[in-house]
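Undergrad: model the structure of this input:
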Amino acid sequence: MLALSIACVAAAVAWAYLIAGHGGYWRTSEWLPPLTRDPDTWPDVVAVIPARNEAEMLPATLPALLGQEYPGPLTVVVVDDRSSDGTAEVAAKLGGGRPLRVIAGTAAPAGWAGKVWAMAQGLGAAGIPPAAGASPEPEGYVLFTDADIAWEAGTLRDLVAAAEADDRDLVSQMALLRTATGWERVVVPAFVYFFAQLYPFRRVNVPGSRTAAAAGGCMLVRRGALETSGGLASISGALIDDVAMGRMIKRQRGRCWLGLSRQVVSVRPYPRLASLWQMVARSAYTQLSYSPALLAATIIGLLFLYVLPPAGTVIGLATLLSGGAASQDAGPAALAAGAGLAGWALMSLSYLPMLRLYRLSPLRAPSLPLIALLYAGMTADSARRHHTGSGAEWRGRTNAKVDAAGG
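TA: Numbering: from 1, shown residues only. From the prediction side, this is the model:
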């Protein structure tokens, strides 16, 4: 009991640090600033959508991107990544208003992750990096987005204005994910919460900080930054392309911004736990650089931070209520219960802003330890898949191990 009480105190102290000193990761306060003035000129934007078997998604998303209320030139490039469901034909029929190019993707060369290669082909269609002897293109931006992302009409205008006003090389917004089903309401807010805990948005947004990340559904990147890096060659093997993109930009001493949004929305459904499990498990072990040591540390960390506090609370109270108050265990039991409850309360409080963002009941907050257990299982299963040869899957394709996040 003494060891349990000491561990619970350590967990409570850890939660106090996370809330007070870990970049305010739990605050949902990073939003694009309101537009105060228009840029003098609106730069060219090329939107690149890698699409593999997305015939069902594109009718719900592509028209909104093509219909953006953006004052400058906008071209949309859909890269059909060898789909088998008529993705290219569906995309072509949705054209209208803005220029739309649908190009046929090719098999990824050795050393390239499938999605990054599709993104690179979209860049190539936009002339990035420029061919030898080609005239330099005017400064502009590339918007990397996904086929399941729906855009409100003025979103691109706001992104470009924010990038221009603050001289940012990368402006990224975390798409609001769908929470229509019971399992989506359980897993999705925690997914964003854990991502922010790994990559606190405030730290990402500090110029010169080592924390780098982005959200793959919405990445507006300055064309010059991409040309400086030679396109996407430096992150060719990245299976987690958004984090790799953020690191690539920061290696150039570029300025990054990552925040939240209600105007960028993912419409992809995850109706069952199996589909959500796949969403997490396909890349969790990649995030850990395929390291058994990091896997063990992660699972132990999840148990220590999230499971130990409620366990200490229950065990301590049970000991006291069963007569332990009269024994030598009374003091340690009371300490375990009190410290465990403190850690559990701090953890629950830190989850409330994310539940508010997704307009879910605050009564869900105390269940975060159970959700963390679920994520520990997903992470362990991700490692199992890797070691049994299942690998990481993207839209029906299994990728061999290439690189965790592009360095």
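
Undergrad: which element follows the longest strand anywhere in the chain toward the C-terminus?
TA: Secondary structure assigned by DSSP state E gives strand 256-266 as the longest strand of the chain. Once strand 256-266 ends, the next helix or strand along the chain (criterion: DSSP states H and E) is helix 273-287.

Undergrad: who does that following helix touch, helix- and strand-wise?
TA: helix 182-198, helix 368-387, strand 392-394 (3 or more C-beta pairs under 8 Å, 6 or more residues apart in numbering; DSSP states H and E). All C-beta atoms are positioned from the backbone trio N, CA, C, and that covers glycine.

Undergrad: end-to-end on stretch 287-297?
TA: One end of stretch 287-297 to the other measures 13 Å (C-alpha to C-alpha, to the nearest Å).

Undergrad: stretch 311-331 too?
TA: 17 Å.

Undergrad: need the pLDDT of the nearest residue to Gly114 once chain neighbours are set aside.
TA: Closest residue to Gly114 apart from its sequence neighbours, by C-beta to C-beta, 6 or more residues apart in numbering: Ala108 at 5.1 Å. For Ala108, the pLDDT comes out at 93.

Undergrad: ok, Ala108 touching Trp117?
TA: Yes - under the criterion of C-beta atoms under 8 Å, Ala108 makes contact with Trp117 at 3.9 Å.

Undergrad: for the record, mean pLDDT for the longest helix belonging to the chain?
TA: Criterion DSSP state H: the longest helix present in the chain is helix 330-357. Mean pLDDT, computed over helix 330-357, is 96.

Undergrad: from the chain's centroid, how far away is it?
TA: Relative to the centre of its chain, helix 330-357 is centred 26 Å away, using C-alpha atoms, centre = their mean, to the nearest Å.

Undergrad: just the helices in this structure please.
TA: Assigned by DSSP H, the chain shows helices spanning 2-21, 58-66, 87-93, 114-125, 155-166, 182-198, 201-204, 223-228, 241-251, 273-287, 292-302, 308-321, 330-357, 368-387.

Undergrad: ok, the closest residue to Ser172 other than its chain neighbours - contacts?
TA: What sits nearest to Ser172 in space, not counting adjacent residues and going by C-beta to C-beta, 6+ apart, is Ala214, at 3.9 Å. By C-beta atoms under 8 Å, 6 or more residues apart in numbering, Ala214 lies in contact with Leu170, Ser172, Asp242, Val243, Met245, Gly246, Cys256, Leu258.

Undergrad: what's the pLDDT at Ala214?
TA: Reported pLDDT for Ala214: 97.

Undergrad: adjust the sequence numbering to begin at 13 for everything that follows.
TA: Yep, numbering from 13; the last one is Ala226 now.

Undergrad: for it, give me phi and psi.
TA: phi -160, psi 170 (degrees, to the nearest 10).

Undergrad: and the residue nearest to Gly126, how far from Val199?
TA: Using C-beta to C-beta, to the nearest Å, Ala120 is found at 29 Å from Val199.

Undergrad: show me this protein divided up by domain.
TA: The chain is divided into the following domains under automatic domain parsing: 14-35+301-411, 56-288.

Undergrad: closest to Arg294 out of those domains?
TA: The closest of the domains of the chain to Arg294 is domain 14-35+301-411. By C-beta to C-beta, the value is 4.8 Å.

Undergrad: identify each buried residue in stretch 58-72, please.
TA: Of all the residues in stretch 58-72, those buried under the rule 16 or more other C-beta atoms under 10 Å are Val58, Ala59, Val60, Ile61, Pro62, Ala63, Arg64, Asn65, Glu66, Ala67, Met69, Leu70.

Undergrad: and it, what's its mean pLDDT?
TA: 96.

Undergrad: go on, stretch 136-154?
TA: 76.

Undergrad: and the gap between the residue nearest to Arg259 when sequence neighbours are not counted and Leu270?
TA: Of all residues not flanking Arg259 in the chain, Ala224 sits nearest, at 4.4 Å (C-beta to C-beta, 6+ apart). In this view, Ala224 and Leu270 are 9 Å apart by C-beta to C-beta.

Undergrad: got it, and Gly136?
TA: 26 Å.

Undergrad: more neighbours: which of these two?
TA: Taking other C-beta atoms under 10 Å, Gly136 and Leu270 do not tie; Leu270 has more neighbours (28 against 17).

Undergrad: now the helices of the chain in a markdown table, with distance to Arg49?
TA: As requested, the helices of the chain are exported to a markdown table (distance: least, C-beta to C-beta, whole Å):
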| stretch | distance to Arg49 |
| --- | --- |
| helix 14-33 | 36 |
| helix 70-78 | 25 |
| helix 99-105 | 35 |
| helix 126-137 | 30 |
| helix 167-178 | 8 |
| helix 194-210 | 30 |
| helix 213-216 | 25 |
| helix 235-240 | 22 |
| helix 253-263 | 25 |
| helix 285-299 | 39 |
| helix 304-314 | 45 |
| helix 320-333 | 48 |
| helix 342-369 | 28 |
| helix 380-399 | 42 |
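
Undergrad: for Ala116, find the nearest of those.
TA: When the helices of the chain are compared for distance to Ala116 using C-beta to C-beta, the nearest one is helix 99-105, at 6.6 Å.

Undergrad: what helices and strands are in contact with that closest one?
TA: helix 70-78, strand 86-92, strand 112-116.

Undergrad: could the helices and strands packed on helix 285-299 be laid out in a markdown table, adding distance to Gly79, mean pLDDT and mean neighbour count?
TA: Shown next, in a markdown table, are the helices and strands packed on helix 285-299 (distance: least, C-beta to C-beta, whole Å; pLDDT from 0 to 100; neighbours: other C-beta atoms under 10 Å):
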| stretch | distance to Gly79 | mean pLDDT | mean neighbour count |
| --- | --- | --- | --- |
| helix 194-210 | 27 | 97 | 19 |
| helix 380-399 | 37 | 95 | 18 |
| strand 404-406 | 27 | 54 | 19 |
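
Undergrad: turn those into CSV, columns for distance to Tyr153.
TA: Below are these laid out as CSV (distance: least, C-beta to C-beta, whole Å):
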stretch, distance to Tyr153
helix 194-210, 24
helix 380-399, 33
strand 404-406, 25
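
Undergrad: pull the contacting residues for the residue nearest to Ala165 when sequence neighbours are not counted.
TA: In space, and not counting its chain neighbours, Ala165 is closest to Glu81: 4.7 Å by C-beta to C-beta, 6+ apart. By C-beta under 8 Å, 6+ apart, Glu81 lies in contact with Ala165, Gly166, Arg169.
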